[in-house]
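[1] Fold the following and give me the result.
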Amino acid sequence: MKAAAELLAPLPEIPRKRYFAIGEVSDLCAVKPHVLRYWEQEFPQLKPIKRRGNRRYYQIDDVLMVRHIRSLLYEQGFTIGGARQRLKDQPKAERMKAIQPVPVVSVGVVASPPLTRKQKELREIRSELETLLQRWPV
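    Coordinates of the predicted model:
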């Protein structure tokens with residue numbers, strides 16, 4: 001059984017991209033890949049796109065669904081059958097309300113603490129270099 005601290009730890013933000021590999025979804029939802037494959041069999045709402053070589057590609061809705069299923073099973077204490085029934089009975093709009101709003105960030109942009117002095121200096125240097133490149137194109 002997972003430690004309580006692992007279950008209560010906040011999940012990372014979802015990057016803004018179209019498709020996610022199973023390993024990325026595993027990291028974003030704190031669930032092992034073999035559990036995700038099992039959940040695909042148990043929950044008809046979870047249907048990632050399968051491409052060449054049976055590789056799974058999840059979209060943002062799938063990631064949100066995995067997080068909701070994880071919440072039902074790990075945090076709210078539902079059984080697999082109970083969670084399946086809950087998802088079946090719950091309209092999609094209501095299900096989306098149940099999922100906490102997830103901040104979505106652009107790839108490469110990380111919500112982080114304020115910039116350090118060195119980071120500010122590096123940005124200024126970069127800006128100066130870009131200005132010079134505009135004046136004297138290569």
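[2] quick one: residue 56 and residue 23, what's the gap?
    Separation of residue 56 from residue 23 (CB to CB, to the nearest Å): 10 Å. Where C-beta positions appear, they are placed from N, C-alpha and C, glycine not excepted.
[3] Mind checking which of those two has more residues around it?
    Set residue 56 next to residue 23 and count neighbours by other CB atoms under 10 Å: residue 56 wins out with 20 against 11.
[4] List the contacts of that one.
    Shown in contact with residue 56 (CB atoms under 8 Å, 6 or more residues apart in numbering): 21-22, 36-37, 40, 48-50.
[5] so it is in which element?
    With elements taken from DSSP states H and E, the one containing residue 56 is strand 55-58.
[6] Pull up the pairing partners for that strand, direction included.
    Using DSSP bridges, strand 55-58 pairs in its sheet with strand 20-21 (antiparallel), strand 49-51 (antiparallel).
[7] how near is residue 38 to residue 61?
    Relative to residue 61, residue 38 is positioned 19 Å away (CB to CB).
[8] ok, now residue 84?
    18 Å.
[9] Do I have it right that residue 18 meets residue 58?
    No - look at residue 18 against residue 58 with CB atoms under 8 Å: they stay out of range, at 10.1 Å.
[10] Comparing the two, which shows the higher neighbour count?
    residue 58 (25 against 7).
[11] Deepest in the core, which of the strands paired with strand 55-58 is it.
    strand 20-21 (a mean of 18; mean count of other CB atoms under 10 Å).
[12] State the next helix or strand along the chain beyond it.
    Counting by DSSP H and E, what follows strand 20-21 is helix 22-29.
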